[in-house]
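Visitor: Fold the following for me, if possible:
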Amino acid sequence: MKQERITDREFSGMITVEMAYIVPVILFVFFLSVMGIFYYHDKQVIAACAYEAAVTGSTKAREKNGVTAGTVGAVFEERVHGKCILFGEVCGSAQVSDEQIVVKASAAKGKLRAAVMETASVTEPETKIRKYRRLMP
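Guide: This next block holds a predicted model:
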């Protein structure tokens, strides 16, 4: 019986030492996972705002006055403002041409950086529908 008590005492300290190495690794992996989830969430939110601004710009491009890059940029800023994202500084730029609208957005917080580019074509479905209706008997 004396032998069992001695071995129990020797092994009880071993678990504490092993946990001193394992727990920090587990916590590190957990926090990296949380940061990765925040990163990809924020990137998708910024991409969605950029795409929405591009589509809004392509819709407004069909209007009489057209659309400018400043208008599309303002729509993007309006969409991003107030979103719950980790990145502190989000900036976007827009390029407007006759055929497509391009919105580029980038965000940064410390060493984390994300950049997205969304495009939307300027279409005129009314003219295509009129052409098809003229061709049909």
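
Visitor: for this protein, what spans make up the strands?
Guide: 89-96, 100-109, 112-121 (DSSP state E).

Visitor: tell me the angle the last one makes with strand 100-109.
Guide: Orientation of strand 112-121 against strand 100-109 (axes from the mean of the first three to the mean of the last three C-alpha atoms, to 10 degrees) gives an angle of 170 degrees.

Visitor: On the pLDDT front, check the residue lying closest to A108 once chain neighbours are set aside for me.
Guide: Leaving aside its sequence neighbours, A108 sits nearest to E89 (C-beta to C-beta, 6 or more residues apart in numbering; 5.8 Å). (Each C-beta comes from the backbone N, C-alpha and C, glycine too.) For E89, the pLDDT comes out at 84.

Visitor: E89: neighbouring residues, count only.
Guide: 8 (other C-beta atoms under 10 Å).

Visitor: ditto for F76
Guide: F76: 28 neighbours (other C-beta under 10 Å).

Visitor: any idea how far it lies from Q100?
Guide: 16 Å (C-beta to C-beta, to the nearest Å).
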